[in-house]
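In: Need coordinates for the following:
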Amino acid sequence: MISSDIGHWDVPEAEQVLCEAYELVEHGLITEDDFRRFTFANPARLHTGMNPDFFKGTAVESAVAGLNETA
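Out: Residues are numbered from 1 along each chain as shown. Take a look at the predicted model:
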């Protein structure tokens, strides 16, 4: 699961965090499906595991609901 302390001193350009993480795919270390699980599916399931409505009313609500349909 991706974790970033984006506001930390050693992240001078916050918009580069996901780009840098995607290099794992570009270098063939993980697949695009692995990357989606790493950056979206696993964190979403973590939060909805205890509170199914965690993302209700947010921009990702429908995407998270789609995760539960394909689980």
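In: elements contacting the stretch of helix or strand residue 33 belongs to?
Out: Using DSSP states H and E, residue 33 sits within helix 32-36. Helices and strands touching helix 32-36, by 3 or more Cβ pairs under 8 Å, 6 or more residues apart in numbering; DSSP states H and E, are helix 17-26. Where you see a C-beta, it was placed from the backbone N, CA and C, and this is true even at glycine.
In: what mean pLDDT does the helix it packs on have?
Out: For helix 17-26, mean pLDDT is 90.
In: So residue 23 versus residue 62, what's the distance?
Out: 29 Å (Cβ to Cβ, to the nearest Å).
In: what about the helices in this protein?
Out: 17-26, 32-36, 42-50, 61-70 (DSSP state H).
In: and those helices, which one is worst for confidence?
Out: For the helices of the chain, mean pLDDT drops lowest on helix 61-70, to a mean of 85.
In: quick one: buried residues of that helix?
Out: 64, 67 (16 or more other Cβ atoms under 10 Å).
In: And the contacts of it?
Out: For helix 61-70, contacts defined as Cβ atoms under 8 Å, 6 or more residues apart in numbering pick out 40, 41, 44, 45, 48, 52, 54, 55.
In: now the first one: how far from residue 64?
Out: In this case it means residue 40. Residue 40 is 9 Å from residue 64, by Cβ to Cβ.
In: rewinding a little: just the buried subset of the contacts of helix 61-70, written out for PyMOL, thanks.
Out: The buried residues among those can be selected in PyMOL (16+ other Cβ under 10 Å) with this line:
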select buried, resi 40+41+44+48+55
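In: Please consider this matter closed, and thank you.
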